[in-house]
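Q: My questions are about this predicted structure, shown below with the sequence.
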There are 2 protein chains.
Amino acid sequence: MVVQKYGGTSVANPARIKSVAERVVATKKQGYKVVVVVSALGDTTDELIELSKQITDNPSEREYDMLLATGEQVSVALLAMAIHELGHDAISFTGAQVGIITDTSFSKAKLINVNGEKIEKELAKGKIVIVAGFQGMTEDQEITTLGRGGSNLTAVALSKSLGGCMCEMNTDVEGVFTADPRIVKKAQKLDYLSYDEMLEMASLGSQVLQARSVIFAKKFDVPIHVRSSFSDKKGTIILKEAKPMWEGVVISGVTLDKKEAKMTICDVPDKPGMAAQIFKHLAEAEINVDMIIQNISRTRRTDLSFTVPHSELARTMKIAKQIVKDVKAEKVTCDDDIAKVSIVGVGMKSHPGVAAKMFDVLAKKKINIEMISTSEISISCVIGKKYAESAVKALHTAFGLDAKKPEEK
Amino acid sequence: MVVQKYGGTSVANPARIKSVAERVVATKKQGYKVVVVVSALGDTTDELIELSKQITDNPSEREYDMLLATGEQVSVALLAMAIHELGHDAISFTGAQVGIITDTSFSKAKLINVNGEKIEKELAKGKIVIVAGFQGMTEDQEITTLGRGGSNLTAVALSKSLGGCMCEMNTDVEGVFTADPRIVKKAQKLDYLSYDEMLEMASLGSQVLQARSVIFAKKFDVPIHVRSSFSDKKGTIILKEAKPMWEGVVISGVTLDKKEAKMTICDVPDKPGMAAQIFKHLAEAEINVDMIIQNISRTRRTDLSFTVPHSELARTMKIAKQIVKDVKAEKVTCDDDIAKVSIVGVGMKSHPGVAAKMFDVLAKKKINIEMISTSEISISCVIGKKYAESAVKALHTAFGLDAKKPEEK
């Protein structure tokens, strides 16, 4: 049994829907029972959002979900028709119909339960089962959507409810790479990756998979196969424990995030509770603060820096200015000309000196490190944006990730 | 309590949806509990059909319904948002969510049960309830659509389940007229009309309401108010027994149907069972035969004429040619240059001579009558298409339906 998920670009138009149908049928012919999860056609969701914007700037989340859920319903019906056209039996379902039960947080609903019974019944009849991604139903039969990355979550949850079968994420890239192949020509596709590494990569800037579905997959030990919708090549399999591909290599990838900005609150009185007070305000505004650095203080005054997404810059600035007044700091400065480069790998747990090596690589390139943060399996450095690509390339080479010859694309 | 139905042209774009929201809120402010039934936005259904055609010429009806049902779901969500924007409380539902239960004849499902409970619960909270027209759910939770005129049927069925309240059909005409105002300048809007008269008018060519919802309304005695979405004027109320508007006037309207063609099977052996044999073949092909005329036979051979919709002409011709061979008739001829003019009115039951008067009016205009058929409350004549408009005008005048001055539009 396999669950295959196809994103919006994979089903952007009738021609692509037919290609997906052919892939699904080919899998079925290999002897698999196939469950397919699809997103809305290409720009459909954006078009629906545009319609709602013409009505109101502030739509009720319940009605918003009612509206958006139609996008995936269109996709599943069309894909079923395309599979029928190839002479195979298929049946489509909405999230509600197959019992994808969520809580009532409309537009970002959380899964409560997924019932695989109806799907198994149809699979037993020899049918290909197609399920609308991104959507569910509350216990009161209200239609909900799962928010960003929702279709991936649907796919992983179905894999789990169907006994933990492989969950294929068919996307527009060949798999997870050691670095973004657009930046590093010698980047290699990873055959295997652990959940933890994928999580770090996702949170450190890799666009391949959102963290949410990986967290779910990790919790229930659902294997994920990230692969291209447009080729038959094997992609990257994400598992609990992935063996490193190359002996002696301690990191799995280098990531880059240019979507953050650094803010510094200067000359803050250095006394207990100050940081708590500052970040409480940002948390209340639901601003997602990433790295936090507090300089060592010798003067009972300190500088406090943190990074936030570009999209939150204006809101953060407003709040920060109020904080400056409240805590009697000097001022707030902002720098959005930064990039965060990170190295990720479970291997670094058992290899001391990885951080030192990273700093040395950057130093040799004469790149100044503005902020550092570490987790058990990753190290991130904030540097000037103009050095971003050269830093990624240098780290990729230094940690032995370069392919002998560039990956065939 | 009132059920208001708005068709696709009434909600064709965000601006019109806002207008509908204003009408709904105005009704609510008058003290009514309001249930709204809406169709899909303007061309949405056609766009969805076009998408499916790019995939297959022969879609599964189940998947077709899955696809089409999204159209109304978009409308209800947007209308709810528009009502919220006006500061009023509203909640939208799909057909499935409010328990509109149908049989499993996908794409032309028949209503089995409509549960008003969920709606009444929300009305009791002071909310405006918006229900997706045209769609329902089987007992197995399969999504179905109700076929042509489905949204009207949804509205009438909800009126019935909510205790038989008024069912307003908001449409692009002011009401039901004594004749098509585009043909007869002096046509008058009817204040009242009986179900039977409306049914005859619908089946004789009036486009205002399809017969299906009227049959349902008649069965459960649901009053219908046909009115314009774009004005506040009172339209036409359809009831069990409508008093004639004007004393002494025996007919309520003159209708015209130019969408039929006449076929004649010539020189058929005149023996028992012949007609049955001929029309059995047409019925098996689900061809909707309207009028049937068999000439008096003196020679044991006869001509047999009938009318069918233009759209069925090619299929009918093919079957008719086979029939000619089978029954050893001479040939089949076809004339699509015809029109059917009809007069309708419960008043004619108690007024003898109505048919004679109709024939006389046409004779005076030197219009040859090719076929005649009658029901208890209508008389129809097939005439040459070129006489159609003048026949309608002459009948309208002769039966005293002309307004003193042209209806204000």
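A: Sure, I can see it.

Q: Those residues of the stretch 101-250 of chain A touching chain B, which are they?
A: With CB under 8 Å from any CB of the partner chain as the criterion, the stretch 101-250 of chain A meets chain B at residues A:Q141, A:E142, A:I143. In short, each C-beta sits where N, CA and C put it, glycine included.

Q: Can you get me a residue count around the second one?
A: Taking other CB atoms under 10 Å in any protein chain shown as the criterion, the count of residues near A:E142 is 19.

Q: And it, how close does it get to A:K365?
A: 55 Å (CB to CB, to the nearest Å).

Q: to the chain's geometric centre, what's the distance from whichever strand or helix holds A:F216?
A: For A:F216, the host element (DSSP states H and E) is helix A:211-220. Here helix A:211-220 is found 11 Å from its chain centre; the criterion is CA atoms, centre = their mean, to the nearest Å.

Q: now do stretch A:50-69
A: 24 Å.

Q: That stretch and chain B in contact?
A: Yes. In terms of CB under 8 Å from any CB, part of stretch A:50-69 sits within range of chain B, namely A:51-52, A:54-56, A:59-60, A:62-64, A:66-67, A:69.

Q: could the residues you listed be laid out in CSV, adding pLDDT and neighbour count?
A: Compiled in CSV, those are given as follows (pLDDT from 0 to 100; neighbours: other CB atoms under 10 Å in any protein chain shown):
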residue, pLDDT, neighbour count
A:L51, 95, 18
A:S52, 96, 23
A:Q54, 96, 14
A:I55, 96, 23
A:T56, 95, 20
A:P59, 95, 23
A:S60, 96, 23
A:R62, 97, 21
A:E63, 97, 27
A:Y64, 97, 20
A:M66, 97, 30
A:L67, 97, 29
A:A69, 97, 27
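
Q: and for the helix or strand where A:I237 lies, what are the contacting residues?
A: Per DSSP H and E, A:I237 falls inside strand A:236-239. Identification of contacts with strand A:236-239 by CB atoms under 8 Å, 6 or more residues apart in numbering or on different chains yields A:175-176, A:189-195, A:198, A:209, A:214, A:217, A:223-227.

Q: of the residues you listed, buried ones?
A: A:175-176, A:189-190, A:192-195, A:198, A:209, A:214, A:217, A:223-227 (16 or more other CB atoms under 10 Å in any protein chain shown).

Q: Mind checking which of the residues you listed are in strands?
A: A:Y192, A:L193, A:S194, A:I224, A:H225, A:V226, A:R227 (DSSP state E).

Q: Could you count how many residues lie near the residue in the stretch 201-350 of chain A that chain B sits nearest to?
A: The stretch 201-350 of chain A approaches chain B most closely through A:S229 (17.3 Å), counting by CB to the nearest CB. Neighbour count for A:S229, taken as other CB under 10 Å: 21.

Q: shouldn't it be in contact with A:A21?
A: No. A:S229 is not in contact with A:A21 according to CB atoms under 8 Å; the separation is 12.0 Å.

Q: hmm, back to that, what strands line up against the strand holding A:I237, and which way round?
A: When pairing is defined by DSSP bridges, strand A:236-239 lines up against strand A:192-194 (parallel), strand A:224-228 (antiparallel).

Q: Quick check: mean pLDDT of the longest one?
A: The average of the pLDDT scores along strand A:224-228 is 96.

Q: Stretch A:154-170 too?
A: 95.

Q: got it, and stretch A:254-270?
A: For stretch A:254-270, mean pLDDT rounds to 91.

Q: so how far is it from its chain's centroid?
A: Remark: stretch A:254-270 is offset 22 Å from the chain centroid, using CA atoms, centre = their mean.

Q: now swap in stretch A:260-273 and tell me
A: Relative to its parent chain, stretch A:260-273 has a centroid offset of 29 Å by CA atoms, centre = their mean.

Q: Over to stretch A:160-178?
A: With CA atoms, centre = their mean, you get 13 Å for stretch A:160-178.

Q: Quote the end-to-end distance of it.
A: Distance across stretch A:160-178, first residue to last, is 28 Å (CA to CA, to the nearest Å).

Q: does A:L395 sit in a helix, a strand or a coil?
A: helix (DSSP: H, G, I helix; E, B strand; the rest coil).

Q: gap between it and A:A355?
A: Note on A:L395: its distance to A:A355, by CB to CB, is 12 Å.

Q: Please state the offset of the helix or strand bottoming out on mean pLDDT in chain A from the chain centre?
A: Sorting the helices and strands of chain A by mean pLDDT, DSSP states H and E puts strand A:292-294 at the bottom, at a mean of 82. Offset of strand A:292-294 from its chain centre (CA atoms, centre = their mean): 25 Å.

Q: Which helix or strand contains the residue nearest to A:E85 when sequence neighbours are not counted?
A: Spatial nearest neighbour of A:E85, excluding adjacent residues (CB to CB, 6 or more residues apart in numbering or on different chains): B:T56 at 4.4 Å. B:T56 is part of no helix or strand, with elements assigned from DSSP H and E.
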